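A.B. asks: Structure of the sequence below:
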Amino acid sequence: LGAAARLFGKAYFTVNLLPEEDSAVSPELKELALERAALERVEVDPGFRGSDSFEAVDIRPAIQPVLEGGAGAGFVNVVVDRDGVRRRIELVREFRGRHFAQLALAPLLDWLGDPEVGLETGRIVLRGARHPDGNTKDITIPLEEQGLFLINWPKKPFIDSFRHASYYELVRHQRLEQNLLHNLKILEELGLLSYFQGEYQLMDAYRYAGGILEEVLQGGDPAGMEEYVRVREVFFADLLAYLEGPAESEILAQIETILASEETSEEYKEEVRAFHDLVLEFFPPTRELARLLLELRGRLKDSLSGAFCVIGWTATSTTDIGVNPFEEEYVNVGTHAAIANTILSGRFLDELPWWYAAILAVVIALLGTWAVRRLDPLPSILVALGFVVVLLLAGAGFFLLTGRYLNLVTPLLTVLVTFIVLIVAKFLLLEK
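C.D. replies: Residues are numbered from 1 along each chain as shown. Here you go, the predicted model:
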């Protein structure tokens, strides 16, 4: 895995930031994590306040070969609210004076051109971020009161949110290539690839690409992978063109000419007929394998090229499932995609401080008292219900328009208490 990550060059792995010391992790591995995974460009404003767990006591990274091969790593610690729902998460945490990014943010920073991370009062600023559209600008990420990032979750089930690619497509790619290679070796032994009209021998190109891959895996320069990809693309395209071209019909025509010749001995004709059967046995199936493989490679290229990929276990047997505000069972690997999507789209959420709700409660209490001061009990009840409806609609509208969430529990309780007290008082006065 570490060797594969090294040749890919853009794979990120996990670190766990711990609230207590872990003696099972060697000091050398912790130092390697600080070297390979900690953020390099971080500026902390004096007014910045992280969450209660901002400073980690210890760290448990991926194993050494994997960590060394990866481009970096991010922490996977999650935050679950008291009701069991995942609404928020930490984006940056500290260990031994160094800062680590959350697992989605770590590769996203690379994707955005490695901007400087500014930790400021109530926000994180990615300074000079290079967006996928080519523009360079700062990204300001708001944090709520506890220093946490509110995730703008997709309003869809997991299977309908974001694009999904099954790992089986990669397995199928490998199997198709292995089967194709098996047939090509037979065709090569039979001399049936010698009809290829190119500047190189078909299988020489395939073996050359394989040599590049082996060299990189053994510690060679990963930059060689560009040549590896280019050679394989040319090889597969030329191979399909050859198999779909006139080569097979030309070979069969030559065989028919030999069989029709009176000068050909019966013994040799038997050998030629056996060769004819081998051509029909291997040429069409090899052509079909090449077509299937090229189609699959095209789909994978369209799906994965330039994509921000999150790899995780999502099978029906997985237990890595959580609850978000819209789904009772949401596969947790989608958390990282939701974080990246929120940052890239700029559709941030924010939670207003508690004192906003307190001020609103006081205002509502005063307005409620003024509105029902001369009304009878029944009209007062109707006014109270109207206040509740208006408050809920206004809160929802404010959230949809601004992305800022105001906790309405305090104002709603204020409405209820205010009107209950006033209505009870009116009943008592009427009784007198």
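A.B. asks: Nearest residue to the middle of this protein?
C.D. replies: Computing the C-alpha centroid of the chain and ranking residues by C-alpha atoms, centre = their mean puts V310 first, at 3.0 Å.
A.B. asks: Quick check: pLDDT value at that one.
C.D. replies: At V310 the predicted local distance difference test score is 92.
A.B. asks: wait, isn't it in contact with A338?
C.D. replies: No. Using C-beta atoms under 8 Å, V310 and A338 do not qualify as a contacting pair, with a distance of 9.8 Å. Every residue, glycine included, has its C-beta placed from N, CA and C.
A.B. asks: Could you pick out the longest helix of this protein?
C.D. replies: In the chain, ranked by residue count with DSSP state H as the criterion, the top helix is helix 266-304.
A.B. asks: And the next helix or strand past that one?
C.D. replies: From helix 266-304 onward toward the C-terminus, using DSSP states H and E, the following helix or strand is strand 321-322.
A.B. asks: and the next helix or strand after that next one, what does it pack onto?
C.D. replies: The helix or strand immediately downstream of strand 321-322 is strand 330-331, counting by DSSP H and E. Applying 3 or more C-beta pairs under 8 Å, 6 or more residues apart in numbering; DSSP states H and E, we find strand 330-331 packed against strand 321-322.
A.B. asks: got a list of contacts for the strand it packs on?
C.D. replies: Judged by C-beta atoms under 8 Å, 6 or more residues apart in numbering, the contacts made with strand 321-322 from elsewhere in the structure are 78, 80, 86, 329-332, 335.
A.B. asks: Return a PyMOL selection command for the buried portion of the residues you listed.
C.D. replies: The buried subset of these, as determined by 16 or more other C-beta atoms under 10 Å, is captured in PyMOL by this line:
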select buried, resi 86+330+331+332+335
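A.B. asks: now the contacts of strand 321-322 in CSV, with distance to L7 and pLDDT?
C.D. replies: Rendered in CSV, the data for the contacts of strand 321-322 read as follows (distance: C-beta to C-beta, whole Å; pLDDT from 0 to 100):
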residue, distance to L7, pLDDT
V78, 31, 90
V80, 37, 92
R86, 35, 93
E329, 36, 88
Y330, 33, 90
V331, 29, 91
N332, 28, 91
T335, 28, 93
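A.B. asks: For the stretch 51-200 of the chain, which segments are assigned as strands?
C.D. replies: Remark: strands of the stretch 51-200 of the chain, listed N- to C-terminal, are 58-61, 72-75, 88-89, 92-95, 98-101, 116-120, 123-130, 136-142, 149-150; assignment by DSSP state E, counting those that start in this stretch.
A.B. asks: helices or strands up against the first one?
C.D. replies: By that I understand strand 58-61. Where contact means 3+ C-beta pairs under 8 Å, 6+ apart, strand 58-61 is packed against strand 12-18, helix 27-36.
A.B. asks: strands paired with that strand, and their directions?
C.D. replies: According to DSSP bridges, the neighbouring strands of strand 58-61, each with its direction, are strand 12-18 (antiparallel).
A.B. asks: Just put the helices and strands packed on strand 58-61 in CSV and tack on mean pLDDT.
C.D. replies: CSV is the format used below for those (pLDDT from 0 to 100):
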stretch, mean pLDDT
strand 12-18, 95
helix 27-36, 94
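A.B. asks: now, of those, which is deepest in the fold?
C.D. replies: For those, average neighbour numbers computed from mean count of other C-beta atoms under 10 Å are highest in strand 12-18, which has a mean of 21.
A.B. asks: centre of the chain versus it, how much separation?
C.D. replies: What separates the centre of strand 12-18 from the centre of its chain is 16 Å, taken as C-alpha atoms, centre = their mean, to the nearest Å.
A.B. asks: got the contact list for that strand?
C.D. replies: 5, 33, 37, 56-62, 66-67, 70-77, 93, 95, 100, 103, 106-107, 110.
A.B. asks: Now with 6 Å, please.
C.D. replies: Residues outside strand 12-18 that contact it (C-beta atoms under 6 Å, 6 or more residues apart in numbering) are 33, 37, 56-62, 66, 70-73, 75-77, 93, 106-107.
A.B. asks: how many other residues sit next to the closest residue to L34 other than its chain neighbours?
C.D. replies: For L34, ignoring the flanking residues on the chain, the nearest one in space by C-beta to C-beta, 6 or more residues apart in numbering is R98 at 5.5 Å. As a burial measure, the neighbour count of R98 was computed by other C-beta atoms under 10 Å and equals 16.
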